[in-house]
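S.K.: My questions are about this predicted structure, shown below with the sequence.
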Amino acid sequence: MDIYSVGGAVRDRLLGFPVKDHDWVIVGATPEQLLTQGFSQVGKDFPVFLHPETKEEYALARTERKLGKGYAGFTCYAAADVTLEQDLLRRDLTINAMAEDADGNIYDPYNGQTDLSDKLLRHVSDAFCEDPLRILRIARFHARYAHLGFSIADDTMVLLQSMVTTGEVEHLVSERVWQETIRALSEKSPQIYFQTLRECGALAVIMPEFDALFGVPQPEAHHPEIDTGVHVLMALEQVCALSDDLPPRFAILCHDFGKGKTKPEDWPRHIAHEATGLNPIKKLCQRLTVPNEYRELALITCEYHTHIHRAVELKAKTVVKVLDATDAFRRPERFQQFLLACEADARGRLGLELRPYPQRLFFQRALLQCQEVKAKDFIAQGLKGKEIATAISAERVNRVAQIERQ
């Protein structure tokens, strides 16, 4: 048998990136041979085995044949007569279809090294279109490597668009959509993921709430970029510059969903979009089984981001109400994520990317001042029950009123 390192490990080494995980393929072996050597098989559908010592995954070389719709409608053939070239042919991109042997020799039957040099993401074969999950994967790879100058090959983009047209995307399981999306949000340029999905038409299928924002105008005085969808992509870029934290990135993605519900005759104004955006967020999160951590921050950001923007003009009593409504006293770390998303929203505007955002600092100070107000101080004064809550609220308002605003 022959053993090769394949896929991402080869690609990343050639790019000069650190190799975090290895994928291995074995050519010329049978399951029985591996089991006798101490490998343990995982799963029943694919011939994948765990190494007895390293516990890394080793897969027998295999071919695949499409039987039904979606990414799960496959049958695979794995046997000792399957060649390395046949195994690599079933892979998605040429840059992922290279192998390396123990001596460092690269096997590249589909010109992955050329595409790496040309900075192109290109499909290996027309079998690419048999798995709709690959649309999300190539969009995610684009988000990972766009900062290096990578783009999607023209013929590959045509193939992506045809997959959307034929309805393959509609067979994606929602949980897999979320898994790829959250991985994309952790990439270098997650805005590219959504731009790619929109260019091929997939965004309208898997995330219509977001797709609906493109072409929706905003007042030019506040949003020089005008287009709401473009603004969200710009804000997403800004939140990535501010933090590696993922929940604020998802919150930014959803914060203006309400503007997609505004009637065209009311454009470019979007009255009460903070409230009308809540249901679309709930629907998206339910459909994609989004974890509560992401869902809750997205809802708070949607409903209250304009309150933070207007910090200078808010009454002290309203500031305390915002702190209460966002559960800032019990969830201060989440409140900091919320403020970060608000700053990214403010900076995600054409020509305003570097504008200071003192509102974030003001609300941070307001929270600190309010946190210093303790119930025990009023209990010591002899107050009881509701009197304590009333006194705490009044003292919080008083302290916020003393904070200097810029």
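M.R.: Nice, I can see it.

S.K.: so how far is stretch 250-268 off the chain centroid?
M.R.: 20 Å (Cα atoms, centre = their mean, to the nearest Å).

S.K.: Just the CA trace of it, in CSV.
M.R.: What follows is stretch 250-268, C-alpha atoms only, in CSV (Å, rounded to 0.1, in the frame of the first residue of the first chain):
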residue,chain,number,x,y,z
PHE,A,250,-23.2,37.4,13.1
ALA,A,251,-25.0,40.3,14.8
ILE,A,252,-23.7,42.7,12.2
LEU,A,253,-24.9,40.5,9.5
CYS,A,254,-28.5,40.7,10.8
HIS,A,255,-28.7,44.1,12.3
ASP,A,256,-30.5,45.8,9.4
PHE,A,257,-32.8,43.0,8.3
GLY,A,258,-35.7,45.4,9.0
LYS,A,259,-34.7,47.6,6.1
GLY,A,260,-35.5,44.8,3.8
LYS,A,261,-39.1,45.0,5.0
THR,A,262,-39.5,48.7,4.3
LYS,A,263,-42.0,49.4,1.5
PRO,A,264,-40.3,51.0,-1.6
GLU,A,265,-42.6,54.0,-1.4
ASP,A,266,-41.1,54.8,2.0
TRP,A,267,-37.5,54.6,0.8
PRO,A,268,-34.8,55.8,1.6
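
S.K.: Not counting sequence-adjacent ones, nearest residue to Ser393?
M.R.: Val320 (6.6 Å; Cβ to Cβ, 6 or more residues apart in numbering). (C-beta placed from N, C-alpha, C; glycine too.)

S.K.: helix or strand for that neighbour, which one?
M.R.: helix 316-325 (DSSP states H and E).

S.K.: which helices and strands sit right next to the next helix or strand after that helix?
M.R.: Using DSSP H and E, the helix or strand that follows helix 316-325 in sequence is helix 332-347. In terms of contacts (3 or more Cβ pairs under 8 Å, 6 or more residues apart in numbering; DSSP states H and E), helix 332-347 is packed against helix 228-242, helix 246-254, helix 292-309, helix 358-371.

S.K.: Same list (these) but as JSON lines, adding mean neighbour count and distance to Leu120.
M.R.: Output for the helices and strands packed on helix 332-347, formatted as JSON lines (neighbours: other Cβ atoms under 10 Å; distance: least, Cβ to Cβ, whole Å):
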{"stretch": "helix 228-242", "mean neighbour count": "22", "distance to Leu120": "23"}
{"stretch": "helix 246-254", "mean neighbour count": "27", "distance to Leu120": "27"}
{"stretch": "helix 292-309", "mean neighbour count": "20", "distance to Leu120": "33"}
{"stretch": "helix 358-371", "mean neighbour count": "18", "distance to Leu120": "40"}
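
S.K.: Out of these, which is closest to Val42?
M.R.: helix 246-254 (28.2 Å; Cβ to Cβ).

S.K.: mind checking the SS state of the closest residue to Gly229 other than its chain neighbours?
M.R.: Closest residue in space to Gly229, ignoring its immediate chain neighbours: Phe214 at 3.3 Å, by Cβ to Cβ, 6+ apart. Here Phe214 is recorded as coil under DSSP: H, G, I helix; E, B strand; the rest coil.

S.K.: hang on, Phe214 packs against His231?
M.R.: No. Counting by Cβ atoms under 8 Å, Phe214 does not reach His231; the two are 10.1 Å apart.

S.K.: just to revisit the earlier point, quick one: contacts for the residue nearest to Ser393?
M.R.: By Cβ atoms under 8 Å, 6 or more residues apart in numbering, the contact set of Val320 is 366, 370, 393, 396-397, 400.

S.K.: Quick check: buried residues in stretch 270-290?
M.R.: Residues 270, 273-274, 276-278, 280-281, 284-285, 288, 290 are the ones in stretch 270-290 that count as buried (16 or more other Cβ atoms under 10 Å).

S.K.: roughly how far is it from the heart of the chain?
M.R.: Distance, centroid of stretch 270-290 to centroid of chain: 17 Å (Cα atoms, centre = their mean).

S.K.: what angle sits between the helix holding Val320 and helix 292-309?
M.R.: Put simply, helix 316-325 runs at 170 degrees to helix 292-309, going by axes from the mean of the first three to the mean of the last three Cα atoms, to 10 degrees.

S.K.: Okay, strands next: where are they in the stretch 101-250 of the chain?
M.R.: 106-107, 120-121, 151-152 (DSSP state E, counting those that start in this stretch).

S.K.: mind checking which helix or strand of this protein has the lowest mean pLDDT?
M.R.: Across the helices and strands of the chain, mean confidence by mean pLDDT, DSSP states H and E is lowest for strand 74-78: a mean of 76.
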